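> I would like to see how this sequence folds:
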Amino acid sequence: MRDDGGLIVTLRKAGTILQVAPMIGGSITRYTDEEGGVDWLRPASAAGIAARDPEAMACFPLVPFSNRVRHGSFTFEGRIIHLGPPVPGPHAEHGHGWKAAWTIVERSADRLVIEYRHAADLWPFAYRARQAFVLARDRLTITLEILNEAGQAMPVGIGLHPYFPRTPRTRLTAGIQGMWRTDDEVMPVELVDPPPGSDPRAGIVVAATPLDTAFTGWDGRAVIDWPERAATLTMTARGPLGFLVVYTPPGEDFFCGEPVSNCTDAFNLAAVGRVDTGMIALAAGQVILQRRWQPPRPWRSPASAPPRRSPSSSTTPSVPS
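Modelled structure (predicted):
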């Protein structure tokens, strides 16, 4: 089903709705439990859709890198690559996919596959990216893949940039190992242990914790609780998505918990010898493959308490060994 003059594709499954705008960066515009009245992602506004603004969407893809590249420039295999003047800030951000039109490859009532093809330009590597969305009553599975169509190795990072609704008591809990301390331009400075109050292992109250950083050693599972709504969402990931970027801007009605494969400025950090950046050197013709993975059954509260609405969301890229 398509809405808004063909701009939005709607998937439905037993009262759960997913809406995707392939032409707006391959973005999700809405993911909601229509029967329970719960938005699992911050829905895109009508104005944001009209403006085709990916940052006003519910979630957008990150290819061929996530987060920032310092000054839009890096060195890979002895070659200096300039990505052009960053817009709007001083650093290149989030890759290409979020600002490009994607095409529909496959569609059914509860499944959608879309594709973006990039010809070599200032990013001198041709590649093809695909997203597959599979909707079930109690979960959304998103797979993301990228195929190197260049005749040479290509540096790669992938991920998703979801915007979650924020309430005064919203809590994010995740297993991680460390975090990157950042400078005033939100660029990585030092790998440290999270300070008290900012450690997702102990749970973060997002409204009280201003963050914009990458956590390392993510175990692939994050739990978001909305006590006011008696709702819980479990986000799981497999494969190279070993970093969790958390963004909690003060005063906003959303926060971001981004499953990604690389830390901020991974390409430049790798160029100076760091081996823990998450950058993938994808050989010519190689693809980051997808494997379907069923997340755990939704958690339910004890019988003495009201049931908690609790879907699961999973992303499942993996790199062949």
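
> Endpoints of stretch 112-132, how far apart?
6 Å (CA to CA, to the nearest Å).

> start the count at 2, not 1, going forward
With the count now opening at 2, the last piece we talked about shows up as stretch 113-133.

> in a strand, that's where residue 89 is, yeah?
No. The assignment for residue 89 (DSSP: H, G, I helix; E, B strand; the rest coil) gives coil, which keeps it out of a strand.

> so what's residue 32 up against?
Taking CB atoms under 8 Å, 6 or more residues apart in numbering as the definition of contact, the neighbours of residue 32 are 17-20, 40-42, 59-60, 141, 314. Yep, even glycine has a C-beta here, placed from its N, CA and C like the rest.

> now the helix or strand encompassing it: mean pLDDT?
Counting by DSSP states H and E, the secondary-structure element that holds residue 32 is strand 28-34. Strand 28-34 shows a mean pLDDT of 96.

> List the neighbouring strands of the helix or strand following it plus their orientation.
The helix or strand immediately downstream of strand 28-34 is strand 39-40, counting by DSSP H and E. Taking DSSP bridges as the criterion, strand 39-40 pairs within the sheet with strand 28-34 (antiparallel).

> just to revisit the earlier point, which one of the contacts of residue 32 sits closest to residue 126?
Within the set of those, residue 60 lies nearest residue 126; the separation is 24.9 Å, counting by CB to CB.

> chain center to the strand holding residue 32: distance?
Between the centre of strand 28-34 and the centre of its host chain there is 14 Å, according to CA atoms, centre = their mean, to the nearest Å.

> again with stretch 104-118
Between the mean C-alpha location of stretch 104-118 and the chain-wide mean there is a distance of 18 Å, by CA atoms, centre = their mean.

> now the strands for the stretch 152-301 of the chain?
Listed in chain order, the strands found in the stretch 152-301 of the chain under DSSP state E, counting those that start in this stretch are 155-157, 160-166, 172-175, 179-183, 189-193, 205-206, 213-217, 222-227, 232-238, 244-248, 255-261, 281-283, 288-291.

> among the ones you listed, which is nearest residue 11?
Comparing the strands of the stretch 152-301 of the chain against residue 11 with CB to CB, the closest turns out to be strand 160-166 (18.4 Å).

> Show me what counts as buried in the closest one.
With burial defined by 16 or more other CB atoms under 10 Å, the residues of strand 160-166 counted as buried are 160-166.

> between that strand and strand 222-227, how big is the angle?
Regarding strand 160-166 and strand 222-227, their directions subtend 20 degrees when assessed with axes from the mean of the first three to the mean of the last three CA atoms, to 10 degrees.

> Sheet partners, orientation included, of strand 160-166?
Applying DSSP bridges, one finds strand 160-166 paired with strand 60-63 (antiparallel), strand 255-261 (antiparallel).

> and that strand, how far out from the chain's middle?
With CA atoms, centre = their mean as the basis, strand 160-166 stands 5 Å off its chain's centre.

> quick one: contacts of that strand?
Defining contact as CB under 8 Å, 6+ apart, one finds that strand 160-166 is touched by 29, 40-43, 58-63, 67, 95, 99, 143, 145, 171, 225, 227, 234, 236, 242, 244, 246, 254-263, 314, 316.
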